[in-house]
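Trainee: Need coordinates for the following:
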Amino acid sequence: GNRDYAVHEANELLTFTQDITIYTNGKELIVSGKYRDDIQKFKIDRRPVSKLEGGETLERICFADGTCEKIDGLFVAVESASSVDFARKLGIVVEGNSVVTDEKQQTNIKGIFAAGDCTSALKQISVAVGQGAVAGKAMAEYVKSLK
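Mentor: Just a heads-up that it's a prediction; the model follows:
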């Protein structure tokens, strides 16, 4: 990413590693005053990204200039966060601004469940509580099935 949200997300990752690069994909890094001091904590790479490479896991990020670098992970942090951004990062199916779930609140990824505002157009506490109860029961059944 190339804006405040990218720096915010990079700050969150500092708990796990100090080796963080913000790739702007050829764009200028534009941050508000709140994040200007924070960008000093990170490497900034403005080269346009051409492709990502790897086998079962991500291994390299390659650039338009033909060079590649080894990476252990990549978080896309474009624009701002929404209630389903984390789901998208995990590869969970999203339609519009809602996570897609089945009748037991399970997503397309086995063992991952969702409930509440991120799954329904009806943003009401009663709906979220009901979905949470369904998801909780389904999660317990799922964990028991693993034994």
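
Trainee: And what about the nearest residue to Val49 once chain neighbours are set aside, helix, strand or coil?
Mentor: Excluding the flanking residues, the one nearest Val49 by C-beta to C-beta, 6 or more residues apart in numbering is Asn25, at 5.0 Å. The C-beta positions use only the backbone N, C-alpha and C, and glycine is treated the same way. What DSSP: H, G, I helix; E, B strand; the rest coil gives for Asn25 is coil.

Trainee: give the contact list for Asn25.
Mentor: 2, 48-49 (C-beta atoms under 8 Å, 6 or more residues apart in numbering).

Trainee: Name the residues that touch whatever helix or strand Lys144 lives in?
Mentor: Using DSSP states H and E, the element containing Lys144 is helix 125-145. If you take C-beta under 8 Å, 6+ apart as the criterion, helix 125-145 is touched by 103-106, 110-111, 113-117, 119-120.

Trainee: Would you mind checking these for buried ones?
Mentor: Buried members of those, counted by 16 or more other C-beta atoms under 10 Å: 105-106, 113-117, 119-120.

Trainee: so which pair among the residues you listed is furthest apart in space?
Mentor: Spatially, the most separated pair among these is Gln106 and Asp117, at 17.6 Å (C-beta to C-beta).

Trainee: Which parts of the lowest-mean-pLDDT helix or strand in the chain count as buried, going by neighbours?
Mentor: Least confident helix or strand of the chain, by mean pLDDT, DSSP states H and E, is helix 85-90 with a mean of 80. By neighbour count with 16+ other C-beta under 10 Å, helix 85-90 contains the buried residues 85, 87.
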